[in-house]
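A.B. asks: need a 3D model of the sequence below.
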Amino acid sequence: MVEVYNGRTVVRKSLNGPRASGEAFGTGVGQGLQQLGQGIENSSDKAFKTYQAQREKEDITVVVDLENQLSEFRRERLNGDHYARQGKNALNSLNEYEKELDKWKNKATKGLSNENQARLFEQVFDRTRNADLTTLQTHVTQEKVRWQNDVASAKVKNSFEDALANYTNSDLVDKAYNSGLAALQANYFGQGEVLDQKIREYDSQFYKLQVMRKADDDAEVAKAYYEQHKKDIVGTEHSAIEEILQKKKEYQAELPMKLAEREVKVLELQDKLNKFDKQKSFETEITGMDDAQALKHLEQNEPFYSEKWFKAKQKALLSAKGISAETRAEKASEKILKIAELSSLMEEDYLKSADSLLAELEDDYAEGELTLGDKIRLQNSIYKAREKEVVSLGEKDDWFWRFSFKDANERIVKNSSNPLATSKIMLDYFRSVEGQELSNSEKKDVLDKLVKSYNEKDLLGRISGTSASQKKLVKIGKYDVEVE
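C.D. replies: Numbering: from 1, shown residues only. Next up, the predicted model:
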């Protein structure tokens, strides 16, 4: 506004001067600068985020690489050591592995370059560590139970051994029984039916061993003890135990007579062997003698020859007739075939057949149906067949026995690779032949197959370390008793 003087009055009038806007004072420039600043800021933020993403990727790669190393370490320590530990050896695995993990972590994390890497790896490590310790705890718990069961089983076996060692003393037998029972009750405390089943198995095995041990001395005493504890023995064992008790009773009743019979048979067989050997040496003894001298030597030693052979030899020395060479050859061939059959005979049958055949040779020679040379060669073939094919006295002298309990037991002891398996093989044998009509030869075949099977199992057990030969053999008087 401008004051205008008009006379005495001052009049104010507006002036039309120029008007100035914000743009006139630089608002546009400011906005441009602002937009420029925002553009620069946006560009820097994008670059920073890209940088952050790259750093994050690098951190993740470092952590994954370290995780791979952790996996390799875990496989080595868990699969290669802690999971392989069994029984008592596994009890400290949890604490040891936890320390091993912490030691590995302290060493491995020294190579981390920033807090983000440390944070990421800590998450991976904690998750892995918790999973491993949980799994290992399960393994340790299982092995602890295994160890406790093994200790209880060992105590039970010691009870069996103590009872067998003192089987004639009922107080010590009861004490051994109570010791094993206490071990089971302590180990399976609070397990209800499991404990009941273990006690039933323990009772059955304990009283069965006592029955079999007593039966070695007196089958009647063992039978009475068996009836007293029959209810404690598993029903599936009754038939086999009763069969063995019956066999032992029969054997013990027959033993005195069988021993006497054996002595007679041995003496008879020895006499036959002596005569056979004396006949074999006859041709050597008469070397240089004429027929008259040879005949006199034969008659002087008559008691040392078999009657049949003596008469044939005597006849051969008294006469000879001329027969054609062709007839002699046929007769010699016939004798060769008979000699070949000798190799399939047992000793007593061989002696009978050989004696008869030697007498035939002398008869044929006396009749002129064999030459002296053929007779001597055929005699030598008979002697050689015995030496080569027929077992001698002492190597096998049970040919006159029935194949009974004692025979089977002796055959097992002789052929089994593990004496501790004798009672089991015997049990399986009588189960196999029970109720069957088998010849002695068939019974032997059944037994031999069982012995062979046990021998093969024992060989595999020795290779794997689980052989039955690792069991104990308790000496009780003159008896060796197998203990599970």
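A.B. asks: how near is residue 192 to residue 115?
C.D. replies: 56 Å (CB to CB, to the nearest Å). In short, each C-beta sits where N, CA and C put it, glycine included.
A.B. asks: nope, residue 433 is what I meant
C.D. replies: Counting by CB to CB, the gap between residue 433 and residue 115 amounts to 83 Å.
A.B. asks: among the two, which residue is more densely surrounded?
C.D. replies: Neighbours per residue (other CB atoms under 10 Å) separate residue 433 from residue 115, with residue 433 holding more: 17 against 9.
A.B. asks: now for the more buried one: which residues touch it?
C.D. replies: With contacts defined as CB atoms under 8 Å, 6 or more residues apart in numbering, residue 433 is in contact with 443, 446.
A.B. asks: tell me the spacing between it and residue 279.
C.D. replies: 41 Å.
A.B. asks: do the same with residue 195
C.D. replies: 74 Å.
A.B. asks: ok, those two, which is more surrounded?
C.D. replies: Set residue 195 next to residue 279 and count neighbours by other CB under 10 Å: residue 279 wins out with 23 against 15.
A.B. asks: number of residues surrounding residue 458?
C.D. replies: 18.
A.B. asks: with residue 454 instead?
C.D. replies: 21.
A.B. asks: cool, and residue 139?
C.D. replies: Residue 139 has 18 neighbouring residues, counting by other CB under 10 Å.
A.B. asks: just the element for it, please.
C.D. replies: Using DSSP states H and E, residue 139 falls within helix 115-165.
A.B. asks: and for residue 63?
C.D. replies: Using DSSP H and E, residue 63 falls within helix 27-74.
A.B. asks: give me the mean pLDDT for the following helix or strand past that helix.
C.D. replies: As assigned by DSSP H and E, the chain's next helix or strand after helix 27-74 is helix 93-108. Averaged over helix 93-108, pLDDT sits at 88.
A.B. asks: does anything pack onto helix 93-108? Which helices or strands?
C.D. replies: Counting contacts by 3 or more CB pairs under 8 Å, 6 or more residues apart in numbering; DSSP states H and E, helix 93-108 packs against helix 27-74, helix 115-165.
A.B. asks: off-centre distance for it?
C.D. replies: When distances are taken as CA atoms, centre = their mean, to the nearest Å, helix 93-108 is centred 39 Å away from the chain's centroid.
A.B. asks: buried residues in that helix?
C.D. replies: Judged by neighbour count using 16 or more other CB atoms under 10 Å, the buried positions of helix 93-108 are 93-94, 97, 100-101, 104-105.
A.B. asks: what is the nearest of those to residue 253?
C.D. replies: Using CB to CB, residue 93 comes nearest to residue 253 of the buried residues of helix 93-108, at 60.9 Å.
A.B. asks: can I assume the closest one is in contact with residue 78?
C.D. replies: No - checked against CB atoms under 8 Å, the pair residue 93 and residue 78 is beyond contact range at 9.1 Å.
A.B. asks: any shared contact partners between those two?
C.D. replies: In contact with both residue 93 and residue 78: residue 136, using CB under 8 Å, 6+ apart.
A.B. asks: how's the protein carved up into domains?
C.D. replies: 30-144, 281-389, 405-483 (automatic domain parsing).
A.B. asks: and residue 247, which of those domains is closest to it?
C.D. replies: Using CB to CB, the nearest of the domains of the chain to residue 247 is domain 405-483, at 4.0 Å.
A.B. asks: now the helices for the stretch 151-300 of the chain?
C.D. replies: Ranges of helices in the stretch 151-300 of the chain, per DSSP state H, counting those that start in this stretch, are 170-187, 193-217, 219-229, 238-280, 282-285, 291-300.
A.B. asks: a markdown table please, covering these and showing mean pLDDT and distance to residue 143.
C.D. replies: Shown next, in a markdown table, are the helices of the stretch 151-300 of the chain (pLDDT from 0 to 100; distance: least, CB to CB, whole Å):
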| stretch | mean pLDDT | distance to residue 143 |
| --- | --- | --- |
| helix 170-187 | 88 | 15 |
| helix 193-217 | 89 | 18 |
| helix 219-229 | 90 | 36 |
| helix 238-280 | 81 | 36 |
| helix 282-285 | 85 | 77 |
| helix 291-300 | 76 | 84 |
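A.B. asks: rebuild those as CSV, extending it with distance to residue 442.
C.D. replies: Formatted as CSV, those follow (distance: least, CB to CB, whole Å):
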stretch, distance to residue 442
helix 170-187, 40
helix 193-217, 26
helix 219-229, 26
helix 238-280, 17
helix 282-285, 41
helix 291-300, 45
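A.B. asks: with residue 423 as the reference, name the closest of those.
C.D. replies: Per CB to CB, nearest to residue 423 of the helices of the stretch 151-300 of the chain: helix 193-217, 6.7 Å.
A.B. asks: now the closest one against helix 219-229, angle please.
C.D. replies: Calculated by axes from the mean of the first three to the mean of the last three CA atoms, to 10 degrees, helix 193-217 forms an angle of 160 degrees with helix 219-229.
A.B. asks: wait, doesn't residue 63 sit right on residue 119?
C.D. replies: No - at 9.2 Å, residue 63 and residue 119 do not qualify as touching, with contact defined as CB under 8 Å.
A.B. asks: these two: which has the busier surroundings?
C.D. replies: Counted by other CB under 10 Å, residue 63 and residue 119 do not tie: residue 63 has more neighbours, with 21 against 12.
A.B. asks: in CSV, list the helices and strands packed on helix 93-108 along with distance to residue 184 and mean pLDDT.
C.D. replies: Below are the helices and strands packed on helix 93-108 laid out as CSV (distance: least, CB to CB, whole Å; pLDDT from 0 to 100):
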stretch, distance to residue 184, mean pLDDT
helix 27-74, 39, 70
helix 115-165, 6, 86
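A.B. asks: out of those, which one sits most buried?
C.D. replies: Of all the helices and strands packed on helix 93-108, helix 115-165 carries the top mean neighbour count, a mean of 16, counting by mean count of other CB atoms under 10 Å.
A.B. asks: tell me the angle of that helix relative to helix 193-217?
C.D. replies: Orientation check (the same axes, to 10 degrees): helix 115-165 against helix 193-217 gives 30 degrees.
A.B. asks: chain center to helix 115-165, what's the gap?
C.D. replies: Worked out by CA atoms, centre = their mean, helix 115-165 lies 27 Å from the chain centre.
A.B. asks: what do you get for stretch 160-168?
C.D. replies: 26 Å.
A.B. asks: show me what contacts residue 82?
C.D. replies: Per CB under 8 Å, 6+ apart, neighbours of residue 82: 90, 93, 96-97, 136, 139.
A.B. asks: quick one: residue 295 and residue 376, what's the gap?
C.D. replies: Computed with CB to CB, the distance linking residue 295 and residue 376 is 18 Å.
A.B. asks: the more surrounded of those two?
C.D. replies: Neighbour tally, residue 295 and residue 376, criterion other CB under 10 Å: the higher count belongs to residue 295, 17 against 14.
A.B. asks: and that one, how far is that from residue 289?
C.D. replies: 9 Å.
A.B. asks: and residue 240, by the same measure?
C.D. replies: Distance from residue 240 to residue 289, by CB to CB: 66 Å.
A.B. asks: who's more crowded, these two?
C.D. replies: More neighbours surround residue 240 than the other of residue 240 and residue 289, with 16 against 12 (other CB under 10 Å).
A.B. asks: ok now stretch 372-387, how far from the chain's centre?
C.D. replies: On CA atoms, centre = their mean, the centre of stretch 372-387 falls 51 Å from that of its chain.
A.B. asks: kindly apply the preceding question to stretch 265-276 instead.
C.D. replies: Stretch 265-276 has its C-alpha centroid displaced from the chain centroid by 45 Å (CA atoms, centre = their mean).
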